[in-house]
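Peer 1: model the following, please.
(chains A and B)
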Amino acid sequence: NAGVTQTPKFRILKIGQSMTLQCTQDMNHNYMYWYRQDPGMGLKLIYYSVGAGITDKGEVPNGYNVSRSTTEDFPLRLELAAPSQTSVYFCASSYSPGNTGELFFGEGSRLTVL
Amino acid sequence: QQQVKQSPQSLIVQKGGISIINCAYENTAFDYFPWYQQFPGKGPALLIAIRPDVSEKKEGRFTISFNKSAKQFSLHIMDSQPGDSATYFCAARRQGGKLIFGQGTELSVKP
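Peer 2: Have a look, this model is predicted:
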């Protein structure tokens, strides 16, 4: 049972570089999310998707892009990395927001922008 | 705009004591209030949750108390154990499924 898998676990970027954080889930969940976690700030929603081909902005989308070509994969793209994007990024998925709507999280990707 | 406010930011409790974490929300359209537990180096995981038509929910040593009129809810951990040391997040769900998280509470239970 892999659940939600994120890669890479750690990455250091220089200002202005770009990269993609990968996320894949094997639970056939329709809903997928990207959050960032900063000390004392909790988890902030960056983007989410309700199914393949459908994405929408969350609370803090600036500087990021996503795509959802398959049910399993939901990559997060950082363009022109800035120090403010130093954070821990979590991908999550859920079967449906109804009922418990439990989110299943990956183990996170720690990104440092220098 | 912080729609879910959580306190305290950090908490130290002796083994066997009661840990209490509080959250307040602003949006009355929220329909579900979960608590997530996160251990170092791991992603958050659902601990316990409550709906606004219930005033209390208990699962083992963990209890959620919910006060709809005050727009507040809290997590009580009875007989706290060192293994409970983790970061706890309250959250509120908007219609459509998006969770809004509180700022988190880092709990340390001393032996």
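
Peer 1: show me the shaky parts of the chain.
Peer 2: All of this is about chain A. By pLDDT under 70, the low-scoring segments of chain A are A:1, A:97-100.

Peer 1: oops, I was thinking of chain B
Peer 2: Within chain B, the set of residues satisfying pLDDT under 70 comprises B:1-2, B:95-96.

Peer 1: and A:Gln37, that one's in a helix?
Peer 2: No: per DSSP: H, G, I helix; E, B strand; the rest coil, A:Gln37 lies outside any helix segment and is strand.

Peer 1: so what's it up against?
Peer 2: A:43-44, A:87-90, A:108 (CB atoms under 8 Å, 6 or more residues apart in numbering or on different chains). All C-beta spots, glycine's among them, are computed from the backbone N, C-alpha and C.

Peer 1: name the member of those with the most neighbours.
Peer 2: For those, counting by other CB atoms under 10 Å in any protein chain shown, the largest number of neighbours falls to A:Leu43: 28 neighbours.

Peer 1: element containing it, please.
Peer 2: A:Leu43 belongs to strand A:42-51 when elements are defined using DSSP states H and E.

Peer 1: what does chain A put close to chain B?
Peer 2: Applying CB under 8 Å from any CB of the partner chain, one finds that chain A approaches chain B through A:4, A:31, A:33, A:35, A:40-45, A:48, A:58-59, A:90, A:92, A:94, A:96-98, A:100-103, A:105-108.

Peer 1: returning to what we had before: now for the contacts of A:Gln37: which two are most distant?
Peer 2: Among these, the pair separated by the greatest distance (CB to CB) is A:Lys44 and A:Gly108, at 13.8 Å.

Peer 1: hey, what's the residue nearest the centre of chain A bridged with?
Peer 2: Closest to where the C-alpha atoms of chain A average out (CA atoms, centre = their mean) is A:Trp34, at 2.8 Å. Partner residues in beta bridges with A:Trp34, using DSSP bridges, are A:Tyr47, A:Cys91.

Peer 1: list the contacts of it.
Peer 2: By CB under 8 Å, 6+ apart, the contact list for A:Trp34 reads A:21, A:23, A:45-48, A:58, A:64, A:66, A:74, A:76, A:89-92.

Peer 1: again, only using 10 Å
Peer 2: Contacts were defined as CB atoms under 10 Å, 6 or more residues apart in numbering or on different chains; by that measure A:Trp34 touches A:6, A:21, A:23, A:44-49, A:55, A:58, A:60-61, A:64, A:66, A:74-76, A:89-92, A:109.

Peer 1: and the residue of chain B nearest chain A?
Peer 2: Residue of chain B nearest chain A, by CB to the nearest CB: B:Gly97 (2.1 Å).

Peer 1: I'd assumed A:Ala92 was in contact with that residue.
Peer 2: No: counting by CB atoms under 10 Å, no contact exists between B:Gly97 and A:Ala92, whose distance comes to 11.3 Å.
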